[in-house]
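> Sequence and predicted structure below; questions after.
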Amino acid sequence: MIDPAFAAHFAANWAEAWNDHDLDAILAFLHDRFEMVSPAVTRIAGVESGKLVGREAVGKYWARALSLYPQLSIEIVQVLTGIDSIVIYSKIPNDRFLAETFYFDNSESSTPMVIRSISHYTQ
C-alpha cells in the first residue's frame with residue numbers, strides 16, 4: 001500500500017519539476033525501464049499506440065513536448081493512493097484536467113521509482 005505522505009511528497013516534487021521545466025528532475029523519478037501511455041504521445045510524437053518505453057525515449061519526447069508547450073504547468077487538485085500506485089489529478093493550462101496514474105516498482109529501495117504511467121486528459 002502506498003503511504004499517503006509518500007504520495008503527497010511525490011506529487012509535490014513531480015509538479016515542481018514540471019512547473020520548473022526541469023527535465024533532469026522529471027527523469028530522476030523514473031525507472032530505466034519506465035513505460036508511458038498517453039494520448040499526447042499519439043498527438044505529439046505520432047506513435048499510434050500512445051506508448052513509449054525507456055527513460056531515454058520518454059526524455060526525448062518530453063523535451064520536445066516542453067519546447068512545444070512553454071506555458072505548461074501543473075496545479076495539483078487531488079492525490080489518490082492505491083496498492084502500488086498513485087493518481088495525481090491536476091489542472092493544466094486552457095482549463096483542462098489531467099489524471100496521471102503512476103505505478104511504482106516493488107523493490108525495497110529507499111526511494112521507489114516510477115515504472116509505468118498512464119495519462120488521461122479532458123478534451
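Ah, there it is. The model shown is predicted, which means the values in this text are computed figures rather than measured ones.
> Give me the neighbour count for V41.
V41: 21 surrounding residues under other CB atoms under 10 Å. Where C-beta positions appear, they are placed from N, C-alpha and C, glycine not excepted.
> Surely it is within a helix?
Yes - counting by DSSP: H, G, I helix; E, B strand; the rest coil, V41 is found in a helix.
> Tell me the spacing between it and S49.
V41 sits at a distance of 8 Å from S49 (criterion: CB to CB, to the nearest Å).
> And the contacts of the lengthiest helix in the chain?
Of all the elements of type helix in the chain, the one with the most residues (DSSP state H) is helix 4-19. With CB atoms under 8 Å, 6 or more residues apart in numbering as the test, helix 4-19 has contacts from 25-26, 28-29, 72-76, 79-81, 86, 88, 90, 102, 112.
> the helices in the chain, which residues?
Under the criterion DSSP H, helices of the chain are mapped to 4-19, 23-27, 39-45, 55-68.
> first to last residue in stretch 46-58, what's the distance?
In stretch 46-58, first residue to last residue: 13 Å (CA to CA, to the nearest Å).
> again, but for stretch 34-49
End-to-end span of stretch 34-49 (CA to CA): 16 Å.
> Would you mark the buried spots in it?
Buried residues in stretch 34-49, counted by 16 or more other CB atoms under 10 Å: 34-38, 40-41, 45.
> what residue ranges in this protein are flagged as low confidence?
For the chain, the stretches with pLDDT under 70 are 107-109.
> Quick one: residues contacting A25.
Contact partners of A25, counting by CB under 8 Å, 6+ apart, are 13, 16-17.
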